[in-house]
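Peer 1: sequence below, structure please.
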Amino acid sequence: MRIEKADRFDDVDYDADYEYRGFNYLILDGVDQFLVRTYDDQPGSATVVRPAMTTSTRLRTLAEFLRTELEVTAIYLYRGEIGSYAQVDLESLQFC
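Peer 2: Numbers count the residues shown, from 1 in each chain. Reported below is the predicted structural model:
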């Protein structure tokens with residue numbers, strides 16, 4: 001597993017009252033690709049944007065990689081039942 005690409009993003013619209021800044025990471029593991037986003041105002045957190053994931057061995061591998069390489073202490077996945085991202089426990093990989 002490796003970081004293929006890291007791009008800075010600055011999504012800002014003061015008129016609409018939002019400001020999002022951070023990095024998009026493209027992480028490769030063989031043929032698997034993961035898009036992970038970190039935000040400047042949430043240090044230690046990472047959001048897995050793609051693919052939509054649930055508990056799996058791929059998630060365990062990705063979580064360990066993010067902990068080691070990006071020093072992540074919290075991971076967020078899309079939770080369809082609530083229509084937004086939610087934190088997962090890093091040990092059980094279940095939603096908190």
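Peer 1: who does the helix or strand containing L77 pair up with?
Peer 2: Taking DSSP states H and E as the criterion, the element that holds L77 is strand 74-79. Sheet pairing here is set by DSSP bridges, and for strand 74-79 it gives strand 45-50 (parallel), strand 84-88 (antiparallel).
Peer 1: just name the most buried of the ones you listed.
Peer 2: Each of the strands paired with strand 74-79 was assessed for mean neighbour count using mean count of other C-beta atoms under 10 Å. The highest is strand 45-50, with a mean of 18. Any C-beta I mention is one placed from the backbone N, CA and C, and that applies to glycine too.
Peer 1: which element, helix or strand, includes T68?
Peer 2: When secondary structure is defined using DSSP H and E, the element that contains T68 is helix 57-69.
Peer 1: what's the average pLDDT for the strand holding L77?
Peer 2: Taken as a whole, strand 74-79 has a mean pLDDT of 94.
Peer 1: mind listing residues that contact it?
Peer 2: Contact partners of strand 74-79, identified using C-beta atoms under 8 Å, 6 or more residues apart in numbering, comprise 42, 44-49, 52-54, 59, 63, 66, 84-88, 90, 95.
Peer 1: now do the buried residues in that strand.
Peer 2: Buried residues in strand 74-79, counted by 16 or more other C-beta atoms under 10 Å: 74-78.
Peer 1: turn those into TSV, including distance to I3.
Peer 2: Written out in TSV, the entries for the buried residues of strand 74-79 read as follows (distance: C-beta to C-beta, whole Å):
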residue	distance to I3
A74	19
I75	16
Y76	18
L77	19
Y78	21
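Peer 1: OK, contacts around the spatially most central residue of the chain?
Peer 2: By C-alpha atoms, centre = their mean, the mean C-alpha position of the chain lies nearest to T47, the distance being 2.3 Å. Residues in contact with T47, defined by C-beta under 8 Å, 6+ apart, are 36-39, 75-77, 85.
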